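[1] Quick one, what's the 3D model for this:
(one chain, ligands or ions: 3)
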Amino acid sequence: MSRGDTIAAVASGAAPAGVGIVRVSGPAVPGLAARLLGRPPRPRHAHYLTLRDDAGEPIDQGLLLFFPAPHSFTGEDVMELQVHGSPVVLNTLVHHLVGLGARHARPGEFSERAFLNNKLDLAQAEAVADLITAGSELQARAALRSLQGAFSRRVDDLVEAVTRLRIHVEAAIDFPEEEIDFLADPVIGERLAAVTDQARALLGETRRGARITRGLHAVILGPPNAGKSSLLNALLGDERAIVTEQAGTTRDLLHERLRIDGVEIGLVDTAGLREDSEDAIEREGMRRARQQRAQADLLLLVLPDGDGAAEALLREESAGAARRIWIHNKIDLSGGPAGRRDAADGELHVGLCARSGQGLDTLHRLLRELAGASTEGGAFSARERHVEALAAALAHLEAAADPSLAGAGELMAEELRQAQQRLGEITGAFDADALLGRIFSEFCIGK
Ligand SMILES: Nc1nc2c(c(=O)[nH]1)N(C=O)[C@@H](CNc1ccc(C(=O)N[C@@H](CCC(=O)O)C(=O)O)cc1)CN2
Ligand SMILES: Nc1nc2c(ncn2[C@@H]2O[C@H](COP(=O)(O)OP(=O)(O)OP(=O)(O)O)[C@@H](O)[C@H]2O)c(=O)[nH]1
Ligand SMILES: [Mg+2]
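    Ligands and ions are numbered 1, 2, ... in the order given. Take a look at the predicted model:
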């Protein structure tokens, strides 16, 4: 079970807190625990003790917990020292443990060991990291579902179905005397179609999960004076940005976080866009605004309601954007309707008044839906890595159904093998060392 050496790290956050935890995992744990306690620890029992350094000086008073292998988070012998949440005490304690033979854990090393000891699969280990960094309830709930295996089970089911199909195809290849059309074999043809559908459905849900994990990054763009900063303030319900009737008020980017019903959205207010400017500061502001545009999941295009020139400018500025919502502002001046508008372009258009808040509820609802909240009810978290693997697996399944392969069982079997391989990367059933190193190095220390 054990990885040879014993690792130690502060498992709780760096900030001063009521209580902090030092976690230790590895074969030296029983010896270390007995030494600190003066007797062997009782498994899964909270021992109250005074922790002392080599000179016998007290470091702190706290609790010692011992989880014997394999019944621990990592699957190894684990000890926790729960002490006062002082960064100084916590670091002194880790230092002391290193003096006694442990070594500092690398980022993600506890989770990596949990993975290597089959306590968690790879997608679950990633979900631990995503749960820790969740910025909203939606993200936390979705990450917990993945941690509990909701995503992995779906992947495993798909792997199982591909495997059964592979076995069937491979068996058919082994009877070369029969000249068979593999796709015409009703069992193979139907099963392949069903498995492909299953993969396609899972890819859709995984994309949604990745979107939840990433969070929505929305950028407000529009000509000067359109009411961009007023909109930011109205959405936040707080006068964060300076608003004046002068065009060119906003120069710097203003990053804010908006929470709607437990969904977190990143919002950026930008300098007004126009064709060109003499003013060096304004030009730099526009450059930064356009730079933000490239990183947005969603553009909130703000224009004075009825301003055709502004709309034409924004169409040009936002060409090729992932997603956009047109916000026709200042309806109090134009007399235009508030709320969702039908438009010939089939895009999302909202009439509103940033000053009074009229029409804002419609925008809130749209943002909430785009951020993934409408997919609630069992959504699991996922990552871009999973989306890529699933998309590649789906492509192999589709290739296996290519009519030109109908008589070539070996080629079909090879596509299925590759589909299975790519699916295996998600949960780590087929682990490449480089992949593992990359994933776990992104974790924080102590996790
Ligand atoms: N104090 C403390 N709290 C914590 C953690 C921790 O490591 N320490 N966790 C760290 O992430 C999370 C809980 N995750 C855990 C997962 C498995 C086991 C564990 O001991 N598993 C054993 C026994 C299971 C059982 O008794 O039913 C096992 O899997 O065999 C412990 C914590 C959150 N809270
Ligand atoms: N009547 C009316 N005025 C508005 C509305 N929204 C914003 N304004 C006014 O329009 C002016 C410009 O608003 P800002 O929010 O500063 O506009 P902006 O797009 O951020 O402008 P820049 O930062 O200069 O690019 C201010 O005087 C606002 O009070 C609205 O819905 N109705
Ligand atoms: Mg502004």
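
[2] Where does pLDDT dip in the stretch 1-150 of the chain?
    Counting by pLDDT under 70, the low-confidence segments of the stretch 1-150 of the chain come to 1-3.

[3] now the residue of the chain found nearest ligand 2, what's its secondary structure?
    Nearest residue of the chain to ligand 2: Gly272, at 2.8 Å (Cβ to the nearest ligand atom). All C-beta spots, glycine's among them, are computed from the backbone N, C-alpha and C. Under DSSP: H, G, I helix; E, B strand; the rest coil, the three-state class of Gly272 is coil.

[4] I'd guessed Val162 sits against Arg422; true?
    No - counting by Cβ atoms under 8 Å, Val162 sits too far from Arg422 to count as a contact (10.0 Å).

[5] shared neighbours, these two?
    Both Val162 and Arg422 are contacted by Ala393, under the criterion Cβ atoms under 8 Å, 6 or more residues apart in numbering.

[6] export stretch 147-164 as PDB, just CAs?
    Taking Å, rounded to 0.1, in the frame of the first residue of the first chain, the C-alpha atoms of stretch 147-164 are listed here in PDB:
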ATOM      1  CA  LEU A 147     -16.200  13.400  -5.800                       C
ATOM      2  CA  GLN A 148     -18.900  10.900  -4.800                       C
ATOM      3  CA  GLY A 149     -18.500   9.200  -8.200                       C
ATOM      4  CA  ALA A 150     -21.400  10.500 -10.200                       C
ATOM      5  CA  PHE A 151     -19.300  11.300 -13.200                       C
ATOM      6  CA  SER A 152     -16.900   8.300 -12.900                       C
ATOM      7  CA  ARG A 153     -19.800   5.900 -12.800                       C
ATOM      8  CA  ARG A 154     -21.100   7.300 -16.000                       C
ATOM      9  CA  VAL A 155     -17.600   6.900 -17.600                       C
ATOM     10  CA  ASP A 156     -17.200   3.400 -16.200                       C
ATOM     11  CA  ASP A 157     -20.600   2.400 -17.700                       C
ATOM     12  CA  LEU A 158     -19.500   3.600 -21.000                       C
ATOM     13  CA  VAL A 159     -16.200   1.900 -20.800                       C
ATOM     14  CA  GLU A 160     -18.000  -1.300 -19.900                       C
ATOM     15  CA  ALA A 161     -20.300  -1.000 -22.900                       C
ATOM     16  CA  VAL A 162     -17.400  -0.300 -25.300                       C
ATOM     17  CA  THR A 163     -15.500  -3.300 -23.800                       C
ATOM     18  CA  ARG A 164     -18.400  -5.700 -24.400                       C
END
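
[7] Can you list the neighbours in contact with that stretch?
    With Cβ under 8 Å, 6+ apart as the criterion, stretch 147-164 contacts 120-121, 123-124, 127-128, 131, 145-146, 191, 194-195, 198-199, 202, 205-206, 209, 378, 380-382, 386, 393, 397, 416, 419-420, 423-424, 426-427, 429.

[8] Tell me which stretches of the stretch 251-400 of the chain form strands.
    Assigned by DSSP state E, counting those that start in this stretch, the strands in the stretch 251-400 of the chain fall at 254-260, 263-269, 298-304, 324-329, 339-341, 348-351.

[9] cool, the stretch 101-250 of the chain as well?
    In the stretch 101-250 of the chain, the strands defined using DSSP E, counting those that start in this stretch lie at 103-104, 216-221.

[10] And the first one, what does it pack against?
    With contacts defined as 3 or more Cβ pairs under 8 Å, 6 or more residues apart in numbering; DSSP states H and E, strand 103-104 has these neighbours: strand 7-10.

[11] The longest one too?
    The elements that strand 216-221 packs onto, with contact taken as 3+ Cβ pairs under 8 Å, 6+ apart, are helix 228-236, strand 263-269, helix 280-295, strand 298-304, helix 360-370.

[12] and of these, who's closest to His95?
    strand 263-269 (37.0 Å; Cβ to Cβ).

[13] how much does that closest one deviate in direction from helix 360-370?
    Per axes from the mean of the first three to the mean of the last three Cα atoms, to 10 degrees, the angle that strand 263-269 makes with helix 360-370 is 120 degrees.

[14] then strand 263-269 to CSV, C-alphas only?
    The C-alpha trace of strand 263-269 is given here as CSV (Å, rounded to 0.1, in the frame of the first residue of the first chain):
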residue,chain,number,x,y,z
VAL,A,263,-24.1,30.8,-9.2
GLU,A,264,-20.9,32.9,-9.5
ILE,A,265,-20.2,34.9,-12.6
GLY,A,266,-17.0,36.9,-13.2
LEU,A,267,-17.9,40.4,-14.6
VAL,A,268,-15.5,42.9,-16.2
ASP,A,269,-16.4,46.5,-17.0
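
[15] what are the pairing partners of it, and which direction each?
    In the sheet, strand 263-269 lines up against strand 216-221 (parallel), strand 254-260 (antiparallel) (DSSP bridges).

[16] which residue packs closest to the residue of the stretch 101-250 of the chain found nearest ligand 1, ignoring adjacent ones?
    Residue nearest to ligand 1 within the stretch 101-250 of the chain (Cβ to the nearest ligand atom): Lys119, separated by 5.6 Å. Of all residues not flanking Lys119 in the chain, Gly75 sits nearest, at 4.8 Å (Cβ to Cβ, 6 or more residues apart in numbering).

[17] go on, Arg422?
    Counting by Cβ to Cβ, 6+ apart, the residue nearest Arg422 is Ala393, at 4.1 Å.

[18] Do I have it right that that neighbour meets Arg417?
    No - in this structure, Ala393 is not within contact of Arg417 by Cβ under 8 Å, at 11.0 Å.

[19] Looking at the two, which has the bigger crowd around it?
    For Ala393 versus Arg417, the count of surrounding residues by other Cβ atoms under 10 Å is larger for Ala393: 30 against 16.

[20] pLDDT score assigned to that one?
    Ala393 carries a pLDDT value of 98.

[21] Also Phe430?
    pLDDT for Phe430: 68.

[22] re earlier: got a quick PyMOL command for the buried subset of the contacts of stretch 147-164?
    Of these, the buried ones can be selected in PyMOL as follows, counting by 16 or more other Cβ atoms under 10 Å:
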select buried, resi 120+121+123+124+127+128+131+145+146+191+195+198+199+202+205+206+209+380+381+382+386+393+397+416+419+420+423+424+426+427+429
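
[23] Tell me which residues touch the nearest residue to Ala271 once chain neighbours are set aside, please.
    The spatially closest residue to Ala271, leaving aside those adjacent along the chain, is Gly285, at 3.0 Å (Cβ to Cβ, 6+ apart). Shown in contact with Gly285 (Cβ under 8 Å, 6+ apart): 248, 250-252, 270-272.
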